[in-house]
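1. next input, structure requested:
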Amino acid sequence: SGETWPQKKLTVGLSPAAVPKSGSGFDLGIALATLGAAERVAPDAIADLMVIGELGLDGRVRPVRGILPAVLAAADAGYRHVVVPERTAAEAALVPGVAVLGIRSLRQLIAVLNDEPVPDEEPLDDDRPDPMGAGLAPPGTFGPARGPAPDLADVAGQRLARKALEVAAAGGHHLHLTGPPGAGKTMLAERLAGLLPPLTPQEALEVTAVHSVAGILPAGKPLIGTAPYCAPHHSATMPAVIGGGTGLPRPGAISLAHRGVLFLDEAPEFTTQVLEALRQPLESGHVVVARAAGVMRLPARFLLVLASNPCPCGRHGMVGGGCDCQPSAVRRYQSRLSGPLLDRVDLRVTVDPVSRGELLDAAGDNETTAVVGARVRAARLRAAARYEGHPWTTNSEVPGHELRTRWQTARGAIRDVEREMERGRLTARGLDRVLRVAWTVADLAGHDRPELDDVGQALELRTGVYRGVPVGVGSAS
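-> Modelled structure (predicted):
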């Protein structure tokens, strides 16, 4: 960088000393403090400056992970001027009230601080390996940078499953799709994120901050404005799904799916430890990962979609048979999804194979993602208006006590639900979840409160027990 190293002993202190520190993001700050001690730059000029960046041996400043949450923390601490690598300047500029300076090299920063002519520097070569370390992200498919969004109109038939998808998006309800291979479970799940409304400014900052820490923020897109989609492979480990790893904990798939969709295809093939670890985040909307290097609290309010086959071979219960699995093997396979986990899933739908007529139908009368998404947004607006002044925005977040006391259904609407509970087919948590789904069905239908048919559809989507108007029939289908 053309500067002289101070020919004296230097002591660098990173405060507070009791907190373990790691990473190259301190490089630029240490270099600037050294130049200040040597009086090459005025100490007053850097006294109130937040500086983040990695220094290469050529003196150029390289990007690091977690710029957005770091600048957010700096703003909360009272800093109003921030220096970051040029490539991450747009990300840092998302924080209001903070002046951001993006630089390419240490020489440029010295010139700016000393009011000297700023030298021209070549930008970092984008052809070299990604310095953000995106390859270290947990395994799976991460959104929203997934190319053209798949359209719901591509799904042939499956009226019940399509309705369940719409209800899940409108109310934020978790969904379990079960059926034989090739029935369309994965196609349906991949189209759920497209039904969700755009993220609010606050939600966009939350999602972007998590992806920034993970180092998978899409290039050239500093702010994520659409719901993310994450589909880890069933071989993913506990740290990859829940979060963690060696050293400082890293976000897992459940945090990368925050405000979006987490799809677990072949769910019974995931390890029991991973599946059971989902129970607490499903209730709280966050996960706390503790390691020797520190404790990290990460947001994890995601919409869970589970997909499973009825048995190891996938043909159990199909018309025509063909399943040669032993009854004990079927029971063992189905029991991998535990009762406590499934009790937290609001919607449970069997996806039957598509008929030849539905598959070859050229009429193309299936509703598109845009049409269904418009109904989803309207239903969410109704719910948000109803819960204005309360800490909830979707029906899935409302405690059961509030639904049973403050926002009650129409008279006699829950008689079938009470009957199913008396028969032992519904738990107390299951009753509350049926009420939440009933409110979502009512919002989609434009009703002021759930009626008998709305609760009947919610009960069918929860248990498969038909009551009232069949799901998918009527003005809200």
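
2. okay, buried residues for the helix or strand A378 falls within please.
-> Per DSSP states H and E, A378 falls inside helix 369-386. Residues of helix 369-386 classed as buried by neighbour count (16 or more other C-beta atoms under 10 Å): 369, 372-373, 375-377, 379-380, 382-383, 386. Every C-beta, even on glycine, is put in place using the N, C-alpha and C of the backbone.

3. what's the burial count for the nearest residue in space to T368 that is not next to it in sequence?
-> Nearest residue to T368, sequence neighbours excluded (C-beta to C-beta, 6 or more residues apart in numbering): A153, at 4.4 Å. A153 has 16 neighbouring residues, counting by other C-beta atoms under 10 Å.

4. residues touching A153, list them.
-> 364, 366-369 (C-beta atoms under 8 Å, 6 or more residues apart in numbering).

5. what's the answer for A267, then?
-> 176, 234, 275, 306-308, 336-337.

6. from the residues you listed, which is closest to R259?
-> L306 (18.9 Å; C-beta to C-beta).

7. from the contact counts, what lies against the helix or strand hosting the closest one?
-> Assigned by DSSP H and E, L306 falls within strand 303-308. Other helices and strands packing on strand 303-308, by 3 or more C-beta pairs under 8 Å, 6 or more residues apart in numbering; DSSP states H and E, are helix 159-171, strand 175-178, helix 185-190, strand 261-264.

8. the longest one to strand 303-308, inter-axis angle?
-> Comparing the axes of helix 159-171 and strand 303-308 via axes from the mean of the first three to the mean of the last three C-alpha atoms, to 10 degrees yields an angle of 160 degrees.

9. CA-only coordinates of helix 159-171, as PDB, when you get a sec.
-> Extracted in PDB, the C-alpha atoms of helix 159-171 (Å, rounded to 0.1, in the frame of the first residue of the first chain):
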ATOM      1  CA  ARG A 159     -57.700 -30.400  -6.000                       C
ATOM      2  CA  LEU A 160     -57.400 -31.300  -2.300                       C
ATOM      3  CA  ALA A 161     -53.600 -30.800  -2.200                       C
ATOM      4  CA  ARG A 162     -53.800 -27.500  -4.100                       C
ATOM      5  CA  LYS A 163     -56.400 -26.300  -1.600                       C
ATOM      6  CA  ALA A 164     -54.100 -27.300   1.200                       C
ATOM      7  CA  LEU A 165     -51.300 -25.400  -0.400                       C
ATOM      8  CA  GLU A 166     -53.400 -22.300  -0.600                       C
ATOM      9  CA  VAL A 167     -54.600 -22.600   3.000                       C
ATOM     10  CA  ALA A 168     -51.000 -23.200   4.200                       C
ATOM     11  CA  ALA A 169     -49.800 -20.000   2.400                       C
ATOM     12  CA  ALA A 170     -52.700 -17.900   3.600                       C
ATOM     13  CA  GLY A 171     -52.400 -18.800   7.300                       C
END
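
10. and the closest residue to L461 other than its chain neighbours, what are its bridge partners?
-> With sequence-adjacent residues excluded and distances taken as C-beta to C-beta, 6+ apart, L461 is closest to L347, at 4.8 Å. On the basis of DSSP bridges, L347 is bridged to L175.

11. L347 touches A170, doesn't it?
-> No: at 11.2 Å, L347 does not count as touching A170 under the criterion of C-beta atoms under 8 Å.

12. for the stretch 351-477 of the chain, which spans come out with low pLDDT?
-> Along the stretch 351-477 of the chain, segments meeting pLDDT under 70 span 361-364, 465-477.

13. where along it do the helices fall?
-> 356-360, 369-386, 400-405, 415-422, 428-445, 452-463 (DSSP state H, counting those that start in this stretch).

14. out of the ones you listed, nearest to E206?
-> Where these are weighed against each other on C-beta to C-beta, the nearest is helix 369-386, at 17.4 Å.

15. so who does the nearest residue to H258 once chain neighbours are set aside touch?
-> Here the nearest residue to H258 in space, its sequence neighbours aside, is P299; by C-beta to C-beta, 6+ apart that works out to 4.7 Å. Residues counted as contacts of P299 (C-beta under 8 Å, 6+ apart) are 206, 210, 255, 258, 285-286.

16. mind running it again at 6 Å?
-> By C-beta atoms under 6 Å, 6 or more residues apart in numbering, P299 lies in contact with 206, 258, 286.

17. pretty sure V305 is touching L188, no?
-> No: contact criterion C-beta atoms under 6 Å: V305 and L188 do not qualify, at 8.2 Å.

18. of the two, who's got more company?
-> Between V305 and L188, counted using other C-beta under 10 Å, V305 has the larger neighbour count: 28 against 25.

19. can you count the residues close to L57?
-> Residues near L57, counting by other C-beta under 10 Å: 5.

20. helix or strand for it, which one?
-> L57 belongs to no helix or strand when elements are defined using DSSP H and E.

21. can you give me the strands for the stretch 51-200 of the chain?
-> Ranges of strands in the stretch 51-200 of the chain, per DSSP state E, counting those that start in this stretch, are 54-55, 61-62, 81-85, 99-103, 141-142, 175-178.

22. show me the contact partners of the second one.
-> By C-beta under 6 Å, 6+ apart, the list of residues contacting strand 61-62 from outside reads 28, 53-54, 56, 85, 103, 105, 131.

23. try it again at 10 Å.
-> With C-beta atoms under 10 Å, 6 or more residues apart in numbering as the test, strand 61-62 has contacts from 24-25, 27-28, 31, 51-56, 83-88, 102-109, 121, 124, 131-132.

24. tell me the strands beside it, with direction?
-> strand 54-55 (antiparallel).

25. and the strand it pairs with, how far out from the chain middle?
-> 30 Å (C-alpha atoms, centre = their mean, to the nearest Å).

26. need the strands for the stretch 251-400 of the chain, in chain order.
-> Going by DSSP E, counting those that start in this stretch, the stretch 251-400 of the chain shows strands at 261-264, 286-291, 294-299, 303-308, 347-350.

27. return the most buried member of those.
-> strand 261-264 (a mean of 28; mean count of other C-beta atoms under 10 Å).

28. quick one: low-confidence ranges for this structure?
-> Those would be 125-148, 219, 247, 293, 319-321, 361-364, 465-477, if you go by pLDDT under 70 across the chain.

29. find the centremost residue of it, please.
-> By C-alpha atoms, centre = their mean, the chain has its centre lying nearest to A257, at 1.7 Å.

30. buried set for stretch 159-169?
-> For stretch 159-169, using 16+ other C-beta under 10 Å, the buried residues are 160-169.

31. whoops, I mixed them up, stretch 339-357
-> Under 16+ other C-beta under 10 Å, the buried positions of stretch 339-357 are 341, 344-349, 351-354.

32. what is the end-to-end distance of it?
-> End-to-end distance of stretch 339-357 (C-alpha to C-alpha, to the nearest Å): 37 Å.

33. repeat that for stretch 329-345.
-> 24 Å.

34. same check on stretch 413-430?
-> 16 Å.

35. and the helices in the stretch 1-150 of the chain?
-> 27-37, 43-46, 67-76, 89-92, 106-113.

36. run through who's touching the second one.
-> So the one you mean is helix 43-46. Counting by C-beta under 10 Å, 6+ apart, 29, 32-33, 35-37, 81, 83, 109, 112-115 sit against helix 43-46.
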